[in-house]
Each structure stands twice: as structure tokens, then as C-alpha cells.
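> pasting the sequence and the predicted model now:
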Amino acid sequence: MHEVLTPEATTLDQLRRIWAEESAVTLDPVCHTHIEAAAALVAQAAAGQEAIYGVNTGFGKLASVKIAPEDTATLQRNLILSHCCGVGEPLDEATTRLMMVLKLLSLGRGASGVVMDTVRLIEGMLACGVLPVIPSQGSVGASGDLAPLAHMAATMLGEGEATFEGIRLPSAQALSRAGLAPITLGPKEGLALINGTQFSTACALVGLWGAWRNATASVVSGALSTDAIMGSTAPLQPAIHALRGQPGQIAVAAAQRALMEGSEIRESHRDGDTRVQDPYCIRCQPQVTGAAIDLLQAAARTLQIEANAVTDNPLVLVDEGLIVSGGNFHAEPVGFAADQIALALSEIGAIAQRRVALMVDPTLSFDLPPFLTPKPGLNSGLMIAEVTTAALMSENKHLANPCTTDSTPTSANQEDHVSMAAHAARRLLRMNKNLNVILGVEAICAAQGIHFRAPLQTSAPLQEVIGRLREEVPVIAEDRYLAPCIEAAARMVAEGILVRDMGLADDITGQGK
């Protein structure tokens, strides 16, 4: 597949497709004129005598050092090589591609001053699958994601390392094998490539998409749990949620009403049930999961704007004929969005874990056997699976602490307030994986609980979910090696298998953004 992207108008759905399907990407040719106009203004400035940051001066604390015209190419190359200080595990290839696409979108706005050859090389690398090796640690999220993006730019110069056809190679070899050639950077081009929020934004977007899948799965697994413990659907009545008016809450309640419609289990205890109210983890699902979904919606709006933004420095204002230093490289919006996503992930997991605890506790599960095993004592059933969810829930709570509040000065106090957006976004991968497991275990427990309600049946949609789970996780009749079952259920959550074709609204799934 090939995607033609329009800077300032690219949607999250387009970016998600590119990330998931490894699409080739080019910019809409209409933006070429703007790119060339900005490059011409930079070339004119580079030939003049006036000191302009990043064009003919040093960088950061060294901005007062004037650079001779004959040294501007060396200045840009030195900038890239000196900033290749990233450490840690390499960024995965799909997120690296996404980062490069975001850089293309930023350059395509025509305010960065790069020449078209630079844009075409990024397009060519994406088309051929030459992906720079990007160490995942080293950015504080201002002045942009300097170290990660420098490793991307180094590959464009034939330096550093890249992968091509699954093989890690010196960048010069990777480019050569793909039929591409390294470039020599002109005035300001190095700064345009490394000054920006594209690493943080790419990681945050991947975290957002994982969070949407988890939020969707939690709506379904929560409905399963409600039926497993013979919970009431009265708290899902639309009038309750309309009176509050929170959109996520309204959407979750509507989705769970539809999922549980026609359940024999639910109908069996409408009359004569001595319980007055269910615990909050059942009764307040729309209020908690819905609020988390509202946070994801807010983060999505911020990240869509950022994905289309120009975030390098200085900016080339063609209409005004100016090259002006600003602060768009500061990734505070991305850091805040990542912190919001982390809060949502933590709370979805916290309430799901309480539902797991409810189902394995015979004093609260409304006559389900202890730890959901038919022979408790001889068998421990899902006792330790619940403990695992408790461990992961607690880990996610710690990871959800805000990162953006932890600024520290860098670069000899020139860059004296930073966003920490990069690791705010990177931790979302770990949090999503933890939540995959929590929700996978919830699905196992709920399916086991519904099994014990036979001959009563759950609703048709929830039977379909259980049927998919049973393809890899059979009923637990006696103790067995459970790790593969948990791994399989977590994978089904992560890949959206359990919720596929459930007819859930876009407000729940995050589609159509």
C-alpha cells in the first residue's frame, strides 16, 4: 500500500495504517513549492552576513559563535555526529518508520528550510525499508528529541547503523543495497532533522493505539465478569448516564448493555436476588472506564495536532521573509498526553484487577467455587493468576506517576526546562503489555465463571467471545501449567481478537480519528 500524506491534514487513522501495514509514504506534491521556498530563504540567509541561529552559528550554549560560510556543511555534519549519543535497546522497526513519517510531515509544512533531496531520501528509505537503528534512551524532550533523531539523520549521511531486509548493517551499506545514496546537508538542514518531537510523538501514538485496544477489551471483559458473578445491569440504564453527561461513560454503558442483551444468566436473577448493589468494580464500570476513554480522546486530539506540527527551530517564515528562533521543539504537549494515557491505562487495570479478585473470592462471587476450580483444595485454580494481575496492577500504578513534572536543566542551563516526553511515551509500551495480561486473565476467569453457571447461557455476543478464547484456552477442569494460557489470552487482547466484530462504537475503539 502507498499513502500520499498532506501535511497539516493527516489523520491518526492514516498514521495507524502506516504503522501497522508498513505502507510506502510520499508527501503530496502540492507541498513541494513551500519546501523549496523555505530552502531558498535559508540559502539566501547563509550567504549573508547576519548571524542566524542554526544557519551560520553554533548550537545551544554555543549559539553566539559565528560560522564562516565555507564551514556551514561541516557545521551540520558535526551537529549530527556529535548528537548521536543515544543508548539502550533499539526502537522497534514499526515505531521507527512512524517517527520518520512524522518527520516527513513536519518538513512538508515548508517551514524548516530543507531541500527536496533531503525529503526524497526519507521517502526513499521508507519505500525501500532502510530503517535507522535508533537507541531508545537519551532524549529529555527539549530541545526536541535530539539524540534519537540524530541517529536517524546519521543514516542519511551514511553514518551509524540501519536495518535493511531484516539485517543490521552500517548505514552506508544499507543505503547502497537499497539503491540509495547518502546526502550532504546544507545550511540548517541538520537542525531541521534533529530538532523536533517526532520520537516522543511516535512512541506516544503507539502507546495510544495500544491503550485503545486495551480499553475496548476491558469493556468486553468487564461485561463477561458482570455475567460471571451474576451482576446487575440496572446501573447501565441510559437515563443514569445521560444525567451525568460524560461521553465516555455514556458510550461504555451503551456498549455493555448491548453486549449483555439476551443473557439467560442475567434474566435468571432479576427477581428474588437478595443483593441490593454490586461492588464498585462492577457497578461503576461506565464511570471509570468511560473516564479513561475520555482521557484517551483528549490525548488523541493533542497527538493528532502534534503529528502534523512543525517542531524544529529556528522556523522559516516564508511569507514574512524571516528565520526566527522559537520553542516549538519543547514536547510538553506530548508529555502531558503520554501522562494522560498512562493514567487511563493504570485505572483500567486497577478496576479490572478488582473484578478478577471478586470472581476468585467465594464470599463475593455469588456461589462460584473458590478460585474458580471445581475441586478447590486439591486444585488451586486461578489463585496465582489473580496474584499476577495484582503485581502488574501495582507496577502500572507506579509507572503512571507523571513524567512531565520532572524537569531538569541541560546544556549548561541554556535548556533549563525540559518535558521528559520521551520516556513518558516509551513507558506506555510496558504498561500496555501489563494491561494485556490483566485483561487476559480477567477474560479467563470470567469465561470460567460463566462455565459454572450452566445450563444458563450468557448473551450471544459474549458466547462468541468465549468461543474465541476457548480456541486457545480450554476450560480449566483441574490444575495445569497455566503460563501458556495467560500468554495466549494476553496476546488475544493485544491483537484485538476477543473484541473483533463486536459492533462497538468508534467512541469505544478509537477508530475514525
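Structure received.
> the stretch 401-513 of the chain: helices as residue ranges?
For the stretch 401-513 of the chain, the helices defined by DSSP state H, counting those that start in this stretch occupy 421-451, 460-470, 483-494, 506-509.
> any idea which of those is most buried?
The highest average neighbour count among the helices of the stretch 401-513 of the chain, using mean count of other Cβ atoms under 10 Å, belongs to helix 421-451 at a mean of 26. Backbone N, C-alpha and C define where each C-beta goes, glycine included.
> what is that one packed up against?
Packing partners of helix 421-451 (3 or more Cβ pairs under 8 Å, 6 or more residues apart in numbering; DSSP states H and E): strand 135-137, helix 198-228, helix 332-360, helix 383-399, helix 460-470, helix 483-494.
> which helices and strands does the first one pack with?
The one in question is strand 135-137. strand 87-90, helix 146-156, helix 421-451.
> with adjacent residues omitted, what lies nearest to Ala446?
Closest residue in space to Ala446, ignoring its immediate chain neighbours: Leu224 at 3.5 Å, by Cβ to Cβ, 6 or more residues apart in numbering.
> residues contacting the nearest residue to Leu157 once chain neighbours are set aside?
Closest residue in space to Leu157, ignoring its immediate chain neighbours: Pro182 at 5.3 Å, by Cβ to Cβ, 6+ apart. Counting by Cβ atoms under 8 Å, 6 or more residues apart in numbering, Pro182 touches 156-158, 171-172, 175.
> how about a cut-off of 6 Å?
Going by Cβ atoms under 6 Å, 6 or more residues apart in numbering, Pro182 touches 157-158, 175.
> repeat that for Arg453.
Taking Cβ under 6 Å, 6+ apart, we find Arg453 in contact with Ile265.
> state the distance from it to Ser23.
Arg453 is 46 Å from Ser23, where distance means Cβ to Cβ, to the nearest Å.
> assign the residue nearest to Leu157 to helix, strand or coil.
The three-state assignment at Pro182 reads coil, by DSSP: H, G, I helix; E, B strand; the rest coil.
> per-residue pLDDT of it, please?
Listed pLDDT for Pro182 reads 98.
> SS state for Leu102?
With three-state DSSP as the basis, Leu102 sits in helix.
> without its sequence neighbours, what residue ends up closest to it?
Gln198 (4.1 Å).
> same check, this time on His34
With Cβ to Cβ, 6+ apart as the criterion, His34 has its nearest non-adjacent residue at 2.6 Å, and that residue is Gly110.
> OK, contacts around the one you found?
So Gly110 contacts 34-35, 38 (Cβ under 6 Å, 6+ apart).
> out of those, who's nearest Met383?
If you rank the contacts of Gly110 by distance to Met383 using Cβ to Cβ, Ile35 comes first, at 61.4 Å.
> Glu161 - how many residues pack around it?
By the criterion of other Cβ atoms under 10 Å, Glu161 has 19 neighbours.
> tell me which element Ser112 is part of?
Using DSSP states H and E, Ser112 is not contained in any helix or strand.
> renumber starting at 58 from here on
All set: I'll call the first residue 58, so the last point we hit is now Ser169.
> any idea how far it is from Pro64?
11 Å.
> higher neighbour count, the two?
More crowded of Ser169 and Pro64, by other Cβ under 10 Å: Ser169, with 29 against 23.
> that one reaches Thr368, doesn't it?
No - judged on Cβ atoms under 6 Å, Ser169 makes no contact with Thr368 at a distance of 9.5 Å.
> on that earlier part again, okay, the helices and strands packed on strand 192-194 in CSV with mean pLDDT and distance to Gly329 next?
Below are the helices and strands packed on strand 192-194 laid out as CSV (pLDDT from 0 to 100; distance: least, Cβ to Cβ, whole Å):
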stretch, mean pLDDT, distance to Gly329
strand 144-147, 98, 57
helix 203-213, 98, 62
helix 478-508, 98, 20
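> export these as TSV, with columns for distance to Glu443.
Converted to TSV, the helices and strands packed on strand 192-194 look like this (distance: least, Cβ to Cβ, whole Å):
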stretch	distance to Glu443
strand 144-147	31
helix 203-213	39
helix 478-508	7
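> all strands for the stretch 108-257 of the chain, in order.
Using DSSP state E, counting those that start in this stretch, the strands found in the stretch 108-257 of the chain span residues 144-147, 188-189, 192-194, 218-221, 224-227.
> residues touching the residue nearest the centre of the chain, list them.
For the chain, Gly264 is the residue whose C-alpha lies nearest the centre (Cα atoms, centre = their mean; 1.7 Å). Residues in contact with Gly264 (Cβ under 6 Å, 6+ apart) are 398, 482, 485.
> any stretches of this protein with poor pLDDT?
Across the chain, the ranges flagged by pLDDT under 70 are 569-570.
> about what we covered before: quick one: closest of the helices and strands packed on helix 478-508 to Asp335.
That would be, of these and by Cβ to Cβ, helix 255-285, which comes in at 7.8 Å.
> so what does the helix or strand following that closest one touch, helix or strand wise?
Sequence-wise, the next helix or strand downstream of helix 255-285 (DSSP H and E) is helix 295-301. When contacts are defined as 3 or more Cβ pairs under 6 Å, 6 or more residues apart in numbering; DSSP states H and E, helix 295-301 sits against helix 304-317.
> tell me which residues form a beta bridge with the nearest residue to Gln230 once chain neighbours are set aside?
Distances taken as Cβ to Cβ, 6+ apart put Phe221 closest to Gln230, at 8.0 Å, once the chain neighbours are dropped. In this entry, Phe221 is beta-bridged to Ile224, by DSSP bridges.
> pull the distance from stretch 544-551 to the chain's centre.
In terms of Cα atoms, centre = their mean, to the nearest Å, the centre of stretch 544-551 is set 18 Å apart from its chain centre.
> one more: stretch 124-140?
That offset, for stretch 124-140, works out to 34 Å (Cα atoms, centre = their mean).
> cool, stretch 334-348 as well?
Chain-centre distance of stretch 334-348: 25 Å, with Cα atoms, centre = their mean.
> ditto for stretch 177-196
Centroid separation for stretch 177-196 versus its chain: 19 Å, with Cα atoms, centre = their mean.
> quick check: end-to-end length of that stretch?
End-to-end distance for stretch 177-196: 26 Å, by Cα to Cα, to the nearest Å.
> which outside residues touch that stretch?
Contacts of stretch 177-196 (Cβ under 6 Å, 6+ apart): 81-83, 142-148, 150, 153, 157, 161, 202, 204-205, 208-209, 212-213, 218-221, 231-232, 235, 237, 240, 256, 479.
> same deal with stretch 426-438?
Outside stretch 426-438, the residues that touch it by Cβ under 6 Å, 6+ apart are 417, 419, 439-440, 502, 505, 535-536.
> nearest to Gly198 among the residues you listed?
Taking the contacts of stretch 426-438 together and measuring to Gly198 by Cβ to Cβ, the closest member is Cys502, at 39.2 Å.
> skipping adjacent residues, who's closest to that closest one in space?
Met416 (4.6 Å).
> now do Ala151
Going by Cβ to Cβ, 6+ apart, Ala151 has Trp76 as its nearest residue, at 5.4 Å.
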